[in-house]
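[1] kindly return the folded structure for what I paste below:
(chains A, B, C and D)
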Protein chains: 2
Amino acid sequence: MTKKSRPRRASSKQRRLSPDERRKEFVAKATEFFAEEGFAGGTRDLARRLGVTQPLLYRYFPSKDDLIKEVYRTVYLEPLDPGWDGLLADRSRPLRDRLLEFYRGYTKVIFRRKWLRIYLYSGLKGLDINRWYVGVVREKILTRIIRECRHDLGFPAQSRPTAAEIEMAWVFHSGIFYYGVRKYIYESPVLEDQEQMVRDALDAFLAGYAQVFGNARLVTVRPPVKAVG
Amino acid sequence: MTKKSRPRRASSKQRRLSPDERRKEFVAKATEFFAEEGFAGGTRDLARRLGVTQPLLYRYFPSKDDLIKEVYRTVYLEPLDPGWDGLLADRSRPLRDRLLEFYRGYTKVIFRRKWLRIYLYSGLKGLDINRWYVGVVREKILTRIIRECRHDLGFPAQSRPTAAEIEMAWVFHSGIFYYGVRKYIYESPVLEDQEQMVRDALDAFLAGYAQVFGNARLVTVRPPVKAVG
DNA sequence: TTAATTGCTGATCAAGCGATAAACAATCGC
DNA sequence: GCGATTGTTTATCGCTTGATCAGCAATTAA
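    Presented below is the predicted three-dimensional model:
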């Protein structure tokens, strides 16, 4: 309840930012704020955090909802690297290496309290942007992964991954994703060595894929588990 | 804005419930309400849903927060079946069968929009009960699963599963859990055959565990499996 | 039937919300 | 310097929120 953080009026010769920069600054800080408080957080609290008064927000954003939409846009676009498809499809390298490198980069972006919280909040709201993102993951990442798995096992290039194959990739992908949720949202103890977590999960996925889909096609009987790698 | 749902005053000879039953009825409907609206949902809307006036809620619960706590308690306790440990530990049956049956029962409880939403909402709030639940899953379910995996591969009964083994079980478990999130919260298309999803995920996990930990112990190619208390 | 008890509602309060309007302060072009 | 323009605050509005209280309605006990 202390009144300490009264907006300081251009205290020192603080360079005035361009309108666009200032706007972006607001969005960035609003992201952190909403990540912690949820989108039910008040505009007054948010303004206090920004070091300005509440009405000023309405000079930059028509409404709270518009500000929130802007937050979504930045957060959802943040982790999407256009270079990923090239990385995953680079058959000059072993598939395992490619996937390890991909998940190293992917988790580097999404394994942050801010990102995960905004993502879950918006997911609970059932927003279109969430469904859009899930679609992107499926089409651009998981589909590609399955294609590479098939090629790796010597399957003929086929029309389209089946729903069951995609689902298996989803379970693998989600398992990794949820490591971040447990660590950064539940703040539950996890395996400290994140690299190992990814490595083990990946090895399980590759072994599982080979067993479930690979052998099933070649043999039709489910033979005993044999080490693959 | 329609005023249609005016609380009907003992319309027909509707048997008056005992205070305890009525209370439970309130908690049950409040669970559904908060699952949809989030815990920021208003008490007036909730009361309308119950067909009563808003002040009546305060006759049964001292505050909104107390009501919410009660909702948590029921939701978190719902899926915990005391018979699970016996099921998972029944070595007269193949491990794969036991795990399949376990996840059949487990998903039957948690794969519901209501349960998943309340769970995620409370997780985002960082509530103690959430951490408690995560601890229960780890200690009562995942630890047991790893023990059984070890036994299945013929390992000597050892002190305690390592953090890496528990983590692998977590990734597997979370992958299944997140299927429910995608289906019931994101309302994203998933593999319709849920049984197959569980089966494939399980086979991948078992194959992966055998490869990552099984071979490592027998051959020592991957020796440094640090036992972390 | 009556008196006491319990269940429930209508009216209302203070506090907080998102949003707006008008006035003040800082900056920029000239 | 000066007027215009942009950035920011003060004050305030209408509305909704969680919560309270007095009083009516239904039930129970005698």
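
[2] how many residues are close by residue A:45?
    Using other C-beta atoms under 10 Å in any protein chain shown, residue A:45 has 12 other residues around it. (Each C-beta comes from the backbone N, C-alpha and C, glycine too.)

[3] now it: which helix or strand?
    helix A:43-50 (DSSP states H and E).

[4] now residue A:179
    Per DSSP H and E: helix A:163-180 holds residue A:179.

[5] packing partners of that helix?
    helix A:95-110, helix A:143-152, helix A:194-209, helix B:163-180, helix B:194-209 (3 or more C-beta pairs under 8 Å, 6 or more residues apart in numbering or on different chains; DSSP states H and E).

[6] in the longest one, what's buried?
    Read it as helix B:163-180. By neighbour count with 16 or more other C-beta atoms under 10 Å in any protein chain shown, helix B:163-180 contains the buried residues B:163-180.

[7] cool, and the first one?
    Burial within helix A:95-110, assessed by neighbour count using 16+ other C-beta under 10 Å, is assigned to A:95, A:98, A:99, A:100, A:102, A:103, A:106, A:107, A:110.

[8] which one of these is nearest residue A:190?
    Proximity of those to residue A:190 (C-beta to C-beta) peaks at residue A:107, which lies at 12.3 Å.

[9] which ones are touching that closest one?
    Residue A:107 makes contact with A:176, A:180, A:194, A:198, according to C-beta atoms under 8 Å, 6 or more residues apart in numbering or on different chains.

[10] quick check: the farthest pair among these?
    A:180 and A:198 (11.1 Å).

[11] dump the helices and strands packed on helix A:163-180 into a markdown table; add mean pLDDT and distance to residue B:61 as well.
    What follows is the helices and strands packed on helix A:163-180, written out as a markdown table (pLDDT from 0 to 100; distance: least, C-beta to C-beta, whole Å):
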| stretch | mean pLDDT | distance to residue B:61 |
| --- | --- | --- |
| helix A:95-110 | 97 | 38 |
| helix A:143-152 | 96 | 49 |
| helix A:194-209 | 97 | 42 |
| helix B:163-180 | 98 | 29 |
| helix B:194-209 | 97 | 36 |
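
[12] can I get these in TSV including distance to DNA strand C?
    Formatted as TSV, those follow (distance: least, C-beta to the nearest atom of the strand, whole Å):
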stretch	distance to DNA strand C
helix A:95-110	27
helix A:143-152	39
helix A:194-209	36
helix B:163-180	31
helix B:194-209	39
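
[13] I'd like the ones you listed as JSON lines, with distance to residue B:131 appended.
    Below are these laid out as JSON lines (distance: least, C-beta to C-beta, whole Å):
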{"stretch": "helix A:95-110", "distance to residue B:131": "22"}
{"stretch": "helix A:143-152", "distance to residue B:131": "33"}
{"stretch": "helix A:194-209", "distance to residue B:131": "20"}
{"stretch": "helix B:163-180", "distance to residue B:131": "15"}
{"stretch": "helix B:194-209", "distance to residue B:131": "25"}
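
[14] of the ones you listed, give the one that comes closest to residue B:51.
    Per C-beta to C-beta, nearest to residue B:51 of those: helix B:163-180, 30.5 Å.

[15] next one: that closest one to chain centre, how far?
    Offset of helix B:163-180 from its chain centre (C-alpha atoms, centre = their mean, to the nearest Å): 13 Å.

[16] now that helix against helix A:194-209, angle please.
    60 degrees (axes from the mean of the first three to the mean of the last three C-alpha atoms, to 10 degrees).

[17] chain center to stretch A:149-168: distance?
    Worked out by C-alpha atoms, centre = their mean, stretch A:149-168 lies 24 Å from the chain centre.

[18] what comes up buried for that stretch?
    In stretch A:149-168, counting by 16+ other C-beta under 10 Å, buried: A:149, A:150, A:152, A:153, A:161, A:165, A:166, A:167, A:168.

[19] what do you get for stretch A:44-57?
    The neighbour-count check on stretch A:44-57 (16+ other C-beta under 10 Å) flags A:46, A:47, A:48, A:49, A:50, A:52, A:57 as buried.
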